[in-house]
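> Got a predicted model here, sequence first, then my questions.
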Amino acid sequence: MGEGKQGAAMVVAEMPKGLIAQLQNPNPIAHFKVKYKQLEDGFRVWLAKQSLPVEAAVVTATSAVQGAAIGAFMGTLTNDVSSSFAPPPNAAVNPEAMASLKQAQALGGGPFVQARNFAVMTGVNAGISCVLKRIRGKEDVQSSMVAAFGSGAMFSVVSGMGGPNLAANALTSGVFFALVQGGIFQIGQKFSKPPADDLFYEKTRSMLSNLGLQNYEKNFKRGLLTDNTLPLLNDSALRDVKIPPGPRLLILDHIQREHDLKGARRGSG
């Protein structure tokens, strides 16, 4: 019992005074961020263990809910301008005029209309992306464009923009969404590439950013702890590059969670 207290006292003694004060009076925002990250990691581990249909259904549903919330908010900003679009006199006998009216209403609808439209777009996109990632084992521009095509086609159907030529307009919308998404993906890939000397620390940087420990990236570089060494990290290695006990625990816990997640994916495959 005495040895345990002595060991705990030694760990506390090693901590900087600022870290001790932070632990005694934790920042509620930082505490919430850590808890949320732990909950997110746990959910990802659970989801990776599920079958493909279950994972796709959960991802589609959660993304649709998020999209609906965004759409409802945007719909409140438009103040339902669709109500100001009155049917033209010959709408009943002019399918093209009615189709144009439907398009205007779909793009300028109120909260409920936009919530439905965004829920379909984001849900279908996320669901298709999830299936393709599980099957292909990667995310690339082809998968992104296929998912965008599906979301664009479904948006055309549910929003009423299809008009009399439903299939043709759904195809056109899908192709348009796919081209736009493909261009955005390529631009994002181009501008998100880090400098050449940082290529060995991409995963490390992402990990530290997720944990709110960006300030310790220089410690990893100083000790040449590259992405390839992440699975090999232990308390001693982190101590050698002068990372304090608190951050060391968060880093090692994150690495263990990632290891468990990969194991769950292999087991489900």
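Yep, it's here.
> low-scoring pLDDT stretches of the stretch 1-150 of the chain, where are they?
Applying pLDDT under 70 to the stretch 1-150 of the chain picks out residues 1-27, 30-31, 78-109.
> Helices along that one, start to end?
Assigned by DSSP state H, counting those that start in this stretch, the helices in the stretch 1-150 of the chain fall at 2-14, 17-24, 28-48, 52-78, 95-107, 111-136, 141-159.
> Can you give the domain ranges for this protein?
Using automatic domain parsing, the domain parsing of the chain gives 49-191, 194-269.
> For the helices of the stretch 1-150 of the chain, give me a markdown table that also has mean neighbour count and distance to residue 165.
Using the backbone N, CA and C atoms, a C-beta is placed for each residue, glycine as well. Shown next, in a markdown table, are the helices of the stretch 1-150 of the chain (neighbours: other C-beta atoms under 10 Å; distance: least, C-beta to C-beta, whole Å):
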| stretch | mean neighbour count | distance to residue 165 |
| --- | --- | --- |
| helix 2-14 | 9 | 70 |
| helix 17-24 | 11 | 62 |
| helix 28-48 | 13 | 39 |
| helix 52-78 | 17 | 25 |
| helix 95-107 | 17 | 8 |
| helix 111-136 | 20 | 20 |
| helix 141-159 | 21 | 10 |
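> can you pull out the helices in the stretch 151-269 of the chain?
Counting by DSSP H, counting those that start in this stretch, the helices of the stretch 151-269 of the chain are 166-191, 202-211, 217-222, 235-240, 245-268.
> Contacts only, for residue 148.
Residues counted as contacts of residue 148 (C-beta atoms under 8 Å, 6 or more residues apart in numbering) are 125, 174, 177-178, 180-182.
> Check residue 252 too.
Residue 252 makes contacts with 233-235, 238, as judged by C-beta under 8 Å, 6+ apart.
> Who wins on neighbours among the residues you listed?
residue 238 (22 neighbours; other C-beta atoms under 10 Å).
> Look up how far residue 41 lies from that residue.
Distance of residue 238 to residue 41, computed by C-beta to C-beta, to the nearest Å: 19 Å.
> before we move on, what about residue 263?
On the measure of C-beta to C-beta, residue 263 and residue 41 end up 13 Å apart.
> How about residue 205?
Counting by C-beta to C-beta, the separation of residue 205 from residue 41 is 18 Å.
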